[in-house]
Every structure is written in C-alpha cells, then in structure tokens.
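Undergrad: Give me a 3D structure for the following:
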Amino acid sequence: MKILICTLRHWTAGRRFRSLLLNAPKLGHEVFGLASDWYADQDLTIAAFNELGAQAFPKQAWQATIERLNPDVVFGEHLFPTDVERRVQDWVNSQNKIGLIINHDPHIIQSTHHAPKPEWTLTYLSVANQQQAHARATCYTGEQAIRNWPQERIFVLGSPDLDFVTESVDVAEVRDRLGLSPNQPLIGLFPTLAHAADREELTTLVGRCQGAGWQVVIHLHPVGRRLQNSKPPHGFWVYDRGFVAADFWPKIQAMGARFIADYGPGRVCGVEFHRCQSFELLRAADCLIGTWDPFFEAYALKRGYTLLESIAAHCLNYPSHKDVLDREFELQGNFAKISQILERGNDSEQDPGFVEKWFFKLDGLWWKRALDLAEQLVRDNA
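TA: Numbering: from 1, shown residues only. Model (predicted):
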C-alpha cells in the first residue's frame, strides 16, 4: 500500500505513528508524511518524519501533494474543523480511498470530540479501548446524533502511543547521556504545561530535589516546546493559547534541572533540550512525578507514577487513576512522596484486567493491527 500520514503536530509523527513509520516499510509499504502547522511546529514535524525514514511535505501544498502521491490509505489524528486533516478526509472520500483516524486522547474517555462528516463513509476510527468506542458512537443525542461515529466504522486496536513497550532501553546509557553521576537519583518530572498556579510548586519542588543532590530531568507536553531557536513570546505554549513568560523555564534550568525532547533537540528561549525519548526517561528515572497523562505510559512500562500535589485530588477522581492509585499516598506533599519512592523503589505490577480495560493490549503491535485493518478495508473497497 501507499500510505500518507497527516499530522496534527510533531508528536503525532514522532510518537503516535512512530511504530507504523518504523515497521510499515519493512513489509513493503510506502509511507509519506503531511505536516499540519496548527501548533506552528511544521518544520519540527517534517524533521520527525525524516528521522523515522519518511519523506514529508508541508500542508501549504497538501492538495497537489496528495493528488501526486495518490495514497491508498490516509492516516490522521485529529479533526480540527479548520485544519488540513478535514480537507484531506474530504479528498479521501471523494476519491474512493480509505481514511483511518486515531483517537487524539489515546487513553481517557471524553464526552466530546471532533465528529466526522456524514458523507465520510470511507473514514474509520481507531480507538484504544471499548469504552472509547462506546463514547464515540453515543456522544451526541437527538438531532445531533448524526455527529456520532457509526459503530461499524470504529475499531478497538489499542494505543499507538504505547508500542514502545517492546523497545529495549539501556538505562545506564540514558543516565550517562543525561549527565548523571554514578548512583545519583534521577527524578523524571512531567509537568505537561506551566500553568500560572503551578509555577511556585514546580520551582519549590525542583529546588528541593536539586538541593538534595538529585537530578531533575523534565519532559514537557509536546506543545510546550514549539520550534527550535524560536524567540519570545513564541517559545512556550499553554492551554489557553497564551504564552508563558519566557524566563520561567530558564529559571528552572538555572536551578540545575535538565530538559529533554523526543525529536529535534536544541535551544528554545534559552533552554537547552537534550535528546532523549520520554519512554527512555520513564524507564531510567528512580521516581516519576507530574500531571495525569504520563500515568498511562508509566503503567504500561510497569513503573510507578506519582501525581503532583496540586492536581492529585482532581486526578484521583479519574476512573482509571482511582482504580490503582493510593489516595492517602498521592495526597502527601511532593517532596515527601519522592523521598519515600527513592527509599522503596519504583517498579510496579500490572493488573491484567486494568490492561485489557484501558489499553486493550500491550504487545507493541498496534501498528500491525492498524496495517492489517487498512489492507482489509482497501480490499473490501476495491
């Protein structure tokens, strides 16, 4: 097959479709990328595609590109109403091709989503678990029910984000790459984005950890770091589409913390991002602490994950989190929690029922199921 992957951001290429990009060519498929610029990271997205062996193109010439490539299948992530992914799916359905969208939120259940157009009879949805499948088919009611995904076009394939579970990681090499001293505790901090209310908490936490002789390594949300060498105020992004003052993360760096990036290492607003995959940090760290999303990735790797104190009470109400997290422990202070984890270790056991409920499978083979489904859909549509 000839495959085109249309991306929301560099994370879509570098993580969501990483395993597909690495494995599909080995089976004889041609794979190309189309970079959106929704988060002003088009160059970074193209670089991520290129690092994974795929030629990629900017969205500005999307129609000429897709007509020239004439792909059999177009993969995508998110259906923003005004962005290129919807226009690409219009093309897919008008040209009798196959579209396969992955769920933007790979693990949690949400009540709203960007709905498909009724005329998209050849666009299908891949979700991580049966709960998501049900939500996507029943989200809208009454006159709005036409905006639901038809059940026959939803497939439970697991989470593409977690195919890294089968990749080997040399923990000693990762620690050396990050500049740690022998036996120095490594604290993996996943703050997602710097909300105004979080800054004092993060500053205090980093200061205490560094003061104790521990090394804090920070992985930001994928939209927290946009372009390499970008200048203020366009370096750091927050949920409300505003910008955090460019001196916050440099202040954290000056305290001794280090920052990592999965793709395109370099400087942004004075902060040096070292090359390290987030799943490498998840495996190598002695303690993992942060906001809610990386909890699922840590669980997939059989690693404990601790919530920042400021969000613990809220996140402990999430159905997934309250299934396995210790409320009494999570509601303690950040430094106290980290100290206890460093004393007792951070490996954890998986509950097979939890894995099936939230992840479907943890076998590193989402890419294979997605390719098999795409091939079957192409054959059925011939």
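Undergrad: lowest-confidence helix or strand of the protein?
TA: strand 266-268 (a mean of 77; mean pLDDT, DSSP states H and E).
Undergrad: Just the buried residues of it, please?
TA: Buried residues in strand 266-268, counting neighbours by 16 or more other C-beta atoms under 10 Å, are found at Gly266, Val268. C-beta here means a position set from N, CA and C on the backbone, and glycine is covered the same way.
Undergrad: same check, this time on stretch 327-336
TA: So for stretch 327-336, counting by 16+ other C-beta under 10 Å, buried means Glu330, Gln332, Asn334, Phe335.
Undergrad: In which helix or strand does the closest residue to Phe164 other than its chain neighbours reside?
TA: Spatial nearest neighbour of Phe164, excluding adjacent residues (C-beta to C-beta, 6 or more residues apart in numbering): Phe279 at 4.4 Å. If you go by DSSP states H and E, Phe279 is part of helix 278-284.
Undergrad: Give the other helices and strands that that helix contacts.
TA: Where contact means 3 or more C-beta pairs under 8 Å, 6 or more residues apart in numbering; DSSP states H and E, helix 278-284 is packed against helix 171-177, strand 186-192, strand 215-220, helix 294-300.
Undergrad: residues contacting Trp67?
TA: Residue 67: Glu, not Trp. For Glu67, no residue meets the contact criterion (C-beta atoms under 8 Å, 6 or more residues apart in numbering).
Undergrad: how close does it sit to Leu4?
TA: 11 Å (C-beta to C-beta, to the nearest Å).
Undergrad: Check Ile187 too.
TA: 40 Å.
Undergrad: quick revisit: comparing the helices and strands packed on helix 278-284 by mean pLDDT, which bottoms out?
TA: Among these, strand 186-192 carries the lowest mean pLDDT, a mean of 91.
Undergrad: Just give me how far the helix or strand following it sits from the chain centre.
TA: Sequence order places helix 199-211 as the next helix or strand after strand 186-192, per DSSP H and E. Centroid displacement of helix 199-211 relative to its chain, using C-alpha atoms, centre = their mean, to the nearest Å, is 25 Å.
Undergrad: Over to stretch 358-372?
TA: On C-alpha atoms, centre = their mean, the centre of stretch 358-372 falls 16 Å from that of its chain.
Undergrad: start to end distance for that stretch?
TA: Length of stretch 358-372, first residue to last, C-alpha to C-alpha, to the nearest Å: 22 Å.
Undergrad: Report how many residues lie close to His219.
TA: Per other C-beta atoms under 10 Å, the neighbour tally for His219 reads 28.
Undergrad: what sits against it?
TA: Gly188, Leu189, Phe190, Phe259, Ile260, Cys276, Ser278, Leu281, Pro294 are the contacts of His219 under C-beta under 8 Å, 6+ apart.
Undergrad: Next up, phi/psi of the residue nearest to the third one when sequence neighbours are not counted, please.
TA: Using C-beta to C-beta, 6+ apart and skipping residues adjacent in sequence, the residue nearest Phe190 is Gly290, 2.9 Å away. When quoted as degrees, to the nearest 10, the phi and psi of Gly290 stand at phi 170, psi -160.
Undergrad: May I see the buried residues of stretch 327-336 organised as TSV, with pLDDT, distance to Asp43 and secondary structure added?
TA: Below are the buried residues of stretch 327-336 laid out as TSV (pLDDT from 0 to 100; distance: C-beta to C-beta, whole Å; DSSP: H, G, I helix; E, B strand; the rest coil):
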residue	pLDDT	distance to Asp43	secondary structure
Glu330	95	39	helix
Gln332	95	43	coil
Asn334	96	36	helix
Phe335	97	39	helix
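Undergrad: before we move on, the earlier item: can you pull the buried residues of the helix or strand following the least confident helix or strand of the chain?
TA: For strand 266-268, the following helix or strand on the C-terminal side (DSSP H and E) is strand 271-275. Buried residues in strand 271-275, defined by neighbour count with 16+ other C-beta under 10 Å: Val271, Phe273.
Undergrad: How is the chain divided into domains?
TA: 2-159+361-381, 168-354 (automatic domain parsing).
Undergrad: Pick the most deeply packed of the ones you listed.
TA: Highest mean neighbour count of the domains of the chain: domain 2-159+361-381, a mean of 19 (counted as mean count of other C-beta atoms under 10 Å).
Undergrad: end-to-end on it?
TA: First-to-last residue span, domain 2-159+361-381, C-alpha to C-alpha: 15 Å.
Undergrad: what do you get for stretch 46-64?
TA: Stretch 46-64: ends 17 Å apart by C-alpha to C-alpha.
Undergrad: now that stretch, how far from the centre of its chain.
TA: Distance, centroid of stretch 46-64 to centroid of chain: 19 Å (C-alpha atoms, centre = their mean).
Undergrad: ok, and what's touching it?
TA: 5, 7, 10, 13-14, 18, 21-22, 25, 31-37, 42, 45, 65, 84, 87-88, 91, 263-264.
Undergrad: mind listing which of the residues you listed are in strands?
TA: Assigned to strands by DSSP state E, the following of these qualify: Ile5, Thr7, Val31, Phe32, Gly33, Leu34, Ala35.
Undergrad: Specify the beta-bridge partners of the fourth one.
TA: Right, Phe32. Under the criterion DSSP bridges, Phe32 forms beta bridges with Leu4, Gln55.
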